[in-house]
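Participant: Just the structure for this:
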Amino acid sequence: MDTRNHQLPTRRTHIASAAISMTSVFVMLCFIVKSSDAQTSGGTNASVPPHVEIAGTQLLHLASTITHADYDLYINLPRGYREDTTKTFPVLFVIDAQWDFSFVQSLYGQQYYDGFIPGMVIVGITWGGTNPDYDKLRAHDLTPTDVSHNGTYGNAQNFLSFITKEVIPFVEGKYRIRPNDRTLMGSSFGGLFTLYAMFQAPGLFNRFVLTSPAIQWDNHMISSLNKNFSQEHKALPARVFMAIGGYENVGEFQKFVEDLKAKQYNDLVLETRVVDGMGHSGAKADGYSRGLQFVFARPDLRIDPAVLGAYVGQYELNPQYKISVVLEDGTLVGIAPDNSRIRLKAESANDFYLPGQFLNAHIERDATGNVTGITLHQYGGDVMLKKVK
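Facilitator: As a prediction, the model looks like this:
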């Protein structure tokens with residue numbers, strides 16, 4: 001199990017106490033920096049740097065009436081959230097936010113910038129209160145059964161109810177989250193809980209990313225849940241990514257994976273990975289990155305060449321910058337002025353993208369259906385290419 005004594009990222013701004021204006025905060029920080037500079041130059045006191053927060057994030061507090069415990073919710077809003085107030089977003093729930101929120105927030109930024117995943121709201125769930133004992137609290141809330149018989153473990157059912165009845169309504173009532181587009185992510189005990197939620201609350205989440213799950217818990221009781229679920233359900237509509245470090249018990253992991261595949265659930269899309277050269281904690285970096293790519297994988301459709309043929313031609317941004325669009329082997333290829341070639345994948349008959357880059361192309365038409373141009377959605381902004389030939 002993950003029993004390291006991790007430190008919570010230093011950011012304790014309570015939403016309810018956010019009455020201080022940003023201007024006041026800025027003035028206070030400037031005063032602190034100037035004072036510390038003065039102290040340093042005088043040679044009497046060491047400088048005290050200001051606290052650092054994760055830009056663009058929020059911290060909310062939630063007291064549960066189900067578990068009777070306090071929780072902190074770390075929130076990351078996607079790029080453009082405030083500019084376009086009509087747009088909704090998928091939501092990613094991250095277990096063990098005390099360790100993994102800043103980590104996942106960074107991975108999300110990288111994967112989003114490379115065009116692999118959409119903008120999304122990230123909700124990190126962790127335990128609140130004064131000096132919380134994370135190891136003890138997570139062991140209690142994330143395990144399905146109490147092997148100690150004294151209440152130390154086995155609160156997963158209540159914790160799942162807390163997420164279902166309190167966290168999700170609270171977050172979806174506060175932010176523009178797309179209905180029924182939820183992902184759950186966890187590792188170790190968090191991975192065990194992620195699998196537990198998949199079997200116990202089918203349909204609550206439609207994507208799951210987990211690494212190094214504690215599948216050995218209580219005599220492999222998660223395998224019993226899988227067996228019981230298969231006897232009552234033929235379908236498990238979800239995209240699931242599971243990974244484990246190469247230095248862990250890979251055989252035990254693979255046995256569970258094969259058992260899951262053997263149930264032949266309809267609508268289950270599963271991918272697994274053994275991360276070579278990594279242990280229990282290190283497998284997260286690769287597992288979470290590739291897991292996000294997998295569960296949010298975009299379609300790669302084969303479009304009728306007759307439809308694509310209407311897009312072939314010459315396009316220009318201005319008289320000095322023109323590109324050609326040709327059809328090769330059933331796919332569209334853009335040729336830039338320097339003769340570099342971009343092979344696009346089709347997400348629909350009118351929408352295309354370039355894997356590994358933030359580049360999306362939308363075919364524009366006039367009222368009669370004739371192609372007039374291509375709008376390129378790029379990280380720095382949209383660009384319109386007008387069809388000239």
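Participant: can we go C-alpha only for contacts and neighbour counts from here?
Facilitator: Noted.
Participant: what residue lies at the spatial centre of the protein?
Facilitator: Residue closest to the average C-alpha location in the chain (C-alpha atoms, centre = their mean): Leu92, at 4.8 Å.
Participant: Would you double-check that that residue falls in a strand?
Facilitator: Yes - according to DSSP: H, G, I helix; E, B strand; the rest coil, Leu92 belongs to a strand.
Participant: how far away is it from Val123?
Facilitator: Noted for Leu92: a distance of 6 Å to Val123, by C-alpha to C-alpha, to the nearest Å.
Participant: Equivalent analysis for Ile323, please.
Facilitator: Ile323 is 42 Å from Val123, by C-alpha to C-alpha.
Participant: I figured Thr375 was touching Met384, is that so?
Facilitator: Yes - using C-alpha atoms under 8 Å, Thr375 is in contact with Met384, at 4.5 Å.
Participant: which intervals of this structure have sub-threshold pLDDT?
Facilitator: 1-46 (pLDDT under 70).
Participant: show me where it has helices.
Facilitator: Under the criterion DSSP state H, the chain contains helices at 22-42, 97-113, 134-141, 156-162, 168-174, 189-200, 217-232, 250-262, 283-295, 305-309.
Participant: Out of the ones you listed, which is the most enclosed?
Facilitator: helix 189-200 (a mean of 24; mean count of other C-alpha atoms under 10 Å).
Participant: Just the CA trace of it, in CSV.
Facilitator: The C-alpha trace of helix 189-200 is given here as CSV (Å, rounded to 0.1, in the frame of the first residue of the first chain):
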residue,chain,number,x,y,z
PHE,A,189,-6.1,1.9,-2.2
GLY,A,190,-7.5,4.5,-4.6
GLY,A,191,-7.2,2.0,-7.4
LEU,A,192,-9.1,-0.6,-5.4
PHE,A,193,-11.8,2.0,-4.6
THR,A,194,-12.0,2.9,-8.3
LEU,A,195,-12.7,-0.8,-9.2
TYR,A,196,-15.2,-1.0,-6.3
ALA,A,197,-17.1,2.0,-7.6
MET,A,198,-17.1,0.5,-11.2
PHE,A,199,-18.9,-2.7,-9.9
GLN,A,200,-21.0,-1.1,-7.2
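Participant: Next, the angle helix 217-232 makes with that helix.
Facilitator: Helix 189-200 runs at 20 degrees relative to helix 217-232, counting by axes from the mean of the first three to the mean of the last three C-alpha atoms, to 10 degrees.
Participant: Give me the helices and strands touching helix 189-200, please.
Facilitator: Judged by 3 or more C-alpha pairs under 8 Å, 6 or more residues apart in numbering; DSSP states H and E, the packing partners of helix 189-200 are strand 177-187, strand 207-211, helix 217-232.
Participant: how about the shortest one: buried residues?
Facilitator: Along strand 207-211, the positions that meet the burial threshold by neighbour count (16 or more other C-alpha atoms under 10 Å) are 207-211.
Participant: Can you give the strand pairings for that strand, parallel or anti for each?
Facilitator: strand 177-187 (parallel), strand 235-245 (parallel) (DSSP bridges).
Participant: and those, which is most packed in?
Facilitator: By mean count of other C-alpha under 10 Å, these have strand 235-245 as the most buried, with a mean of 22.
Participant: next one: that one to chain centre, how far?
Facilitator: Strand 235-245 sits 14 Å away from the centroid of its parent chain (C-alpha atoms, centre = their mean, to the nearest Å).
Participant: Alpha carbons only: can I get it in PDB?
Facilitator: Extracted C-alpha coordinates of strand 235-245, given in PDB (Å, rounded to 0.1, in the frame of the first residue of the first chain):
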ATOM      1  CA  ALA A 235     -22.900  -5.000 -20.000                       C
ATOM      2  CA  LEU A 236     -20.300  -2.800 -18.300                       C
ATOM      3  CA  PRO A 237     -20.400   0.500 -20.300                       C
ATOM      4  CA  ALA A 238     -17.100   2.100 -19.500                       C
ATOM      5  CA  ARG A 239     -13.600   2.900 -20.900                       C
ATOM      6  CA  VAL A 240     -11.100   1.500 -18.400                       C
ATOM      7  CA  PHE A 241      -7.300   1.800 -18.200                       C
ATOM      8  CA  MET A 242      -5.300  -0.100 -15.600                       C
ATOM      9  CA  ALA A 243      -1.500   0.000 -15.100                       C
ATOM     10  CA  ILE A 244       1.000  -1.500 -12.700                       C
ATOM     11  CA  GLY A 245       4.800  -1.100 -12.100                       C
END
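Participant: The residue nearest to the centre of the chain and Leu210: what is the separation?
Facilitator: From Leu92 to Leu210 the distance is 12 Å (C-alpha to C-alpha).
Participant: Now for those two: what residues contact both?
Facilitator: Met185 (C-alpha atoms under 8 Å, 6 or more residues apart in numbering).
Participant: Just put the helices of the chain in a markdown table and tack on distance to Thr183.
Facilitator: Converted to a markdown table, those look like this (distance: least, C-alpha to C-alpha, whole Å):
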| stretch | distance to Thr183 |
| --- | --- |
| helix 22-42 | 33 |
| helix 97-113 | 13 |
| helix 134-141 | 19 |
| helix 156-162 | 14 |
| helix 168-174 | 12 |
| helix 189-200 | 10 |
| helix 217-232 | 20 |
| helix 250-262 | 19 |
| helix 283-295 | 9 |
| helix 305-309 | 34 |
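Participant: Out of those helices, the one nearest Ala349 is which?
Facilitator: Closest of these to Ala349 is helix 305-309, at 7.6 Å (criterion: C-alpha to C-alpha).
Participant: Next, the contact list for the closest residue to Ile244 other than its chain neighbours, please.
Facilitator: Nearest residue to Ile244, sequence neighbours excluded (C-alpha to C-alpha, 6 or more residues apart in numbering): Ser212, at 4.6 Å. Going by C-alpha under 8 Å, 6+ apart, Ser212 touches 187-188, 191, 242-245, 280-281, 283.
Participant: For Leu160, state which of those is nearest.
Facilitator: Among those, and counting by C-alpha to C-alpha, the member closest to Leu160 is Gly191, at 13.4 Å.
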